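J.: Fold the following.
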Amino acid sequence: MATSKTIAVILFLITLVASSNAAKKATTRPLAPAILIFGDSSVDTGNNNYLPDANFKANHIPYGVDLPGKAASGRFSNGKLYCDIVASKLHIKELVPPFLQPNLSDTEIVTGVNFASAGSGYDDQTMLLTKAIPVANQTTMLKSYITRLKSIVGEKKAMEIINGAIVMVSAGTNDFILNYYDFPTRREEYPKVSDYQNFVLKNLQKFVKELYNLGCRKMSVGGLPPMGCLPIQVTTKPGRGMFRRCIKSQNKDAVLYNRKLQKLLSAIEASLPGSKILYANVYDPMMDMIKHPAKYGFKETKIGCCGAGGLSDMCNSETKLCSNHSEYMFFDSIHPSLATYTYLAGSSYSTLSKLLEP
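T.: Here you go, the predicted structure:
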C-alpha cells in the first residue's frame, strides 16, 4: 500500500507536469488571430508565381535553398522572409502563404495570408515595367479574402479576425529605383525628389485608409532601406562599380522620406479612431549592418550571395552561389538574405509588439 508520503510525491509530480504543459501551451498560443501582408518583393511569398505576365519571379533555384526541402516557393531570398519570421514569433504560423496559391485550406485563410507582389509600388507607373499587382489593387484581393473568411467563420468572427490581425506593409523602393533613379520617367513631372516623395506618400495614405475602411486596425508600415547601398544601385551607378561605394544622395533621400512617413503615419492614426499604425524602421538596422558587418557575422555587404549585382544578374540556375549564405547581407542584387531578415525581424519586434497592446 502506498504511503501518504508516496502519494504526496506522485500528486506533486502530476501537478508539475500539468503546470509545465499549461505554460508551454500559453507560450505557443497565437499572440494575434491572423497576419496580413501587403507590398512588394521584400514580403511577396509567391503571388507572382501565379501571374503569367509578371516580370519578376523567384520560383526557381537557388531561391529558397534554405527552406525545408530547398523549395523555390517564390520568396526572393534563400529562406524565410521578414514577414514569415514575424508570423513565427507571433506563434501564428511558420510560413505565410500567398493568397493566389490555389487550394488554400480554411486554416490558412483564417490565420492570414499574403497579398504582396514582387515589383509592386505605390506609384502605378512602376507596374508598367514590372507587371506586378499594384499596392492599391491589393485591397481588391483583401476584399475577396474577407468574403471567403466570412464563409468559413461567419461575418462577426471574420471582422473580429480582421480587426485583430497584424497588418504589415512594405513597399516604396521600386517606385524610386524604377521611376526616379535608374529610369527617371517621373523626373520631368517631379524635378525635385521631395515632390515625388510627397506623391508616393499621398498614395500610401490612400492605401492605409482603404485598409482601415475594410476593417484593419493594427498596422505596421515599412520605410525605405538605404537604397544607395543596394548592390544593384552601387553596380549601375557610373564610376562606383569598381569601389562599390554607397550612393549618399539616394540614402539621404531615403532618410528624408522616412521622416515624412513617420509624421504621416502619426497623423493618419490620429484621424482614424481605434487604429494603431506604426512605422517599421528598416533603414537604421540595415545601415548598422553595412557599417559594422562583423557584429552580425557578415563578411560581404556589397554584393549578393548570387549574381554580380545588376538587374539582369538576379539569381538563376546559372549564377554562382556563395558557399556560406549567412555571411552575406544580400542574397541577390536587391534582396536581403535570411540572416538579414532574421536580424530585422528581431530588431523590429519590440515595435510590432505595441500592436498587441489593448
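
J.: Quick check: buried residues in the strand or helix carrying residue 199?
T.: Assessed by DSSP states H and E, residue 199 sits inside helix 193-213. Buried residues in helix 193-213, counted by 16 or more other C-beta atoms under 10 Å: 193, 196-197, 199-201, 203-205, 207-208, 210-212. Every C-beta, even on glycine, is put in place using the N, C-alpha and C of the backbone.

J.: What is the most widely separated pair among these?
T.: Farthest pair in those (C-beta to C-beta) is 193 and 212. Separation: 28.4 Å.

J.: Quick one: the helices in the stretch 151-300 of the chain, in order.
T.: 155-164, 173-176, 193-213, 231-236, 248-271, 283-291 (DSSP state H, counting those that start in this stretch).

J.: want to throw those helices into a markdown table with mean pLDDT and distance to residue 113?
T.: Listed next are those as a markdown table, based on pLDDT from 0 to 100; distance: least, C-beta to C-beta, whole Å:
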| stretch | mean pLDDT | distance to residue 113 |
| --- | --- | --- |
| helix 155-164 | 98 | 12 |
| helix 173-176 | 98 | 22 |
| helix 193-213 | 98 | 14 |
| helix 231-236 | 85 | 29 |
| helix 248-271 | 98 | 24 |
| helix 283-291 | 98 | 26 |
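
J.: lowest confidence element among the helices and strands of this protein?
T.: Of all helical and strand segments in the chain, the minimum by mean pLDDT, DSSP states H and E falls on helix 4-28, at a mean of 50.

J.: Could you point out the helix or strand that follows it?
T.: Downstream of helix 4-28 (by DSSP H and E), the next one is strand 35-39.

J.: tell me what that following strand is packed against?
T.: Strand 35-39 is packed against helix 82-89, helix 138-153, strand 166-170, with contacts defined by 3 or more C-beta pairs under 8 Å, 6 or more residues apart in numbering; DSSP states H and E.

J.: Let me know the angle separating it from helix 193-213.
T.: Going by axes from the mean of the first three to the mean of the last three C-alpha atoms, to 10 degrees, strand 35-39 is angled at 150 degrees with respect to helix 193-213.

J.: so strand 35-39 versus strand 166-170, what angle?
T.: Strand 35-39 runs at 10 degrees relative to strand 166-170, counting by the same axes, to 10 degrees.

J.: can you give me the mean pLDDT across strand 35-39?
T.: Average pLDDT, strand 35-39: 98.

J.: ok, the most centrally placed residue in the chain to residue 87 distance?
T.: Nearest to the geometric centre of the chain sits residue 43, at 3.5 Å (C-alpha atoms, centre = their mean). Look at residue 43 and residue 87: by C-beta to C-beta, to the nearest Å, they are 11 Å apart.

J.: excluding its backbone neighbours, what's nearest residue 216?
T.: Leaving aside its sequence neighbours, residue 216 sits nearest to residue 167 (C-beta to C-beta, 6 or more residues apart in numbering; 4.8 Å).

J.: roughly how far out does stretch 333-347 sit from the chain middle?
T.: Relative to its parent chain, stretch 333-347 has a centroid offset of 10 Å by C-alpha atoms, centre = their mean, to the nearest Å.

J.: Which parts of that stretch count as buried, going by neighbours?
T.: Neighbour-count burial for stretch 333-347, with 16+ other C-beta under 10 Å as criterion, is recorded at 333-345, 347.

J.: quick one: which of those is nearest residue 93?
T.: Distances from residue 93 to those, taken by C-beta to C-beta, are shortest for residue 345, at 14.3 Å.

J.: How many neighbouring residues does residue 174 have?
T.: Counted with other C-beta atoms under 10 Å, the neighbours of residue 174 add up to 26.

J.: Now do the contacts for it.
T.: Each residue near residue 174 by C-beta atoms under 8 Å, 6 or more residues apart in numbering is listed here: 40, 41, 119, 120, 121, 126, 130.

J.: Need the nearest residue in space to it, chain neighbours excluded.
T.: Once flanking residues are discounted, residue 174 sits nearest to residue 121: 4.3 Å by C-beta to C-beta, 6+ apart.

J.: Quick check: the one you found touching residue 178?
T.: Yes - counting by C-beta atoms under 8 Å, residue 178 is a contact partner of residue 121 at 7.4 Å.

J.: and those two? which has more neighbours close in?
T.: residue 121 (29 against 23).

J.: so what pLDDT did the more buried one get?
T.: In this prediction residue 121 is given a pLDDT of 98.

J.: Can you classify it by secondary structure?
T.: The three-state label given to residue 121 by DSSP: H, G, I helix; E, B strand; the rest coil is coil.
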